[in-house]
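*Asks:* could you work out the structure for the sequence below:
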Amino acid sequence: MSRTAALPDAWEPKVRAVLASVRPDLARRPLRPLGAGHESVALLLDAESDTYVLRFPRGETGAASIAREARLLPELAGTLGVPIPRFAFTAPNPLGPGSFCCYPIVPGESLDEEDWHARGLLDEPETARRVAELIEAIHAFPVERARELGVPEVDLRARHTRELPRVHAEVVPLLPPDEARRLVAAYERYLGDDGNFVAPPTLIHADLSLDHLLVDGTRITGLIDFGDVRIGDPDYDLCYLWPETNPAFVRRLQEHRGRRLDARLEGKLRFWELADPVSDVLYGIEHGMPDVRDEGVDLLTTLLAP
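*Replies:* Numbers count the residues shown, from 1 in each chain. Below you'll find the model as predicted:
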């Protein structure tokens, strides 16, 4: 969650009223905004013995994510070597649809990409190994059990095939002609190569970025933000680390996993690096958020420049 928390009027008495009904000991404790994403907004609650995160879905997609996490995370937590969110409770959402969740804050500090580089954390010998272990543990979770718990499966070929007409109609007109041609060509190369879609699907975090890996000093101490968890291409769990780190780091990470950073994987990662801001542009257009649209266009123009 990186955007400013946008809270509705009179949010605090509504939240405190629900807390009073489910956890009276928390109802009068200090509350403060933590941040917001497209699908949810989060508060921090300071209790006597712990600090809690309260996450409130903004729409039906966010509500479905929290319900899914409530089923999956208790089983997944026991398979990972670091803490992840463990819901203390869920309760009816006073600020929107579905239920909100409350969990003790996961230990560690969330750092942005610049801080990871400035602190030299990517050069620490244990960092790539630890991230590799986390990815492998998530991917090892039984796929059939994930399906039973309601984790949806994503077909990236179908998703980006459906997306391509919107790219032509809505994104291409916003780009310089040469960059627009390169973007369409990237989609066509990715979608036209059958080898990009042969990996057996696994459970994936699907939002594995540096700011979701919590750290204390040089140690990774937690992993957060499982709202996008899916069953899909295991390579997708590298798609945010690729632009945020560097090829050398991803190569080391792959070596710890007993795998290679080969030309095919690099091609997929370079495509997903483009597809992410495309999604932001389309989201910004669809939801009337010109700042999100324009940030996506700016990033695409930079990535597609010769």
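
*Asks:* what's the weakest-modelled helix or strand in this protein?
*Replies:* strand 31-36 (a mean of 90; mean pLDDT, DSSP states H and E).

*Asks:* now do that strand: which elements does it pack against?
*Replies:* Counting contacts by 3 or more Cβ pairs under 8 Å, 6 or more residues apart in numbering; DSSP states H and E, strand 31-36 is packed against helix 11-22, strand 40-46. From N, CA and C alone the C-beta is placed, and that goes for glycine too.

*Asks:* one more pass at 10 Å, please.
*Replies:* Packing partners of strand 31-36 (3 or more Cβ pairs under 10 Å, 6 or more residues apart in numbering; DSSP states H and E): helix 11-22, strand 40-46, strand 51-57.

*Asks:* single out the most deeply packed of these.
*Replies:* Across the helices and strands packed on strand 31-36, the average number of neighbours (mean count of other Cβ atoms under 10 Å) peaks for strand 51-57, which reaches a mean of 22.

*Asks:* using PDB, write out the CA atom coordinates for it.
*Replies:* C-alpha atoms of strand 51-57 as PDB (Å, rounded to 0.1, in the frame of the first residue of the first chain):
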ATOM      1  CA  THR A  51       0.100  -3.100  17.200                       C
ATOM      2  CA  TYR A  52      -2.600  -4.200  14.800                       C
ATOM      3  CA  VAL A  53      -3.300  -3.700  11.100                       C
ATOM      4  CA  LEU A  54      -6.900  -3.200  10.200                       C
ATOM      5  CA  ARG A  55      -7.600  -3.600   6.400                       C
ATOM      6  CA  PHE A  56     -10.900  -2.500   4.900                       C
ATOM      7  CA  PRO A  57     -11.900  -3.500   1.400                       C
END
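
*Asks:* which is the next helix or strand following that strand?
*Replies:* Using DSSP states H and E, the helix or strand that follows strand 51-57 in sequence is helix 60-77.

*Asks:* do a quick rundown of the strands in the stretch 201-306 of the chain.
*Replies:* Secondary structure of the stretch 201-306 of the chain by DSSP state E, counting those that start in this stretch: the strands cover 202-204, 213-216, 219-223, 230-232.

*Asks:* show residues contacting the first one.
*Replies:* Outside of strand 202-204, the residues within contact range by Cβ atoms under 10 Å, 6 or more residues apart in numbering are 72, 76, 135-143, 145-147, 149, 151, 154, 228-239.

*Asks:* since that was my last question, I'll sign off now.
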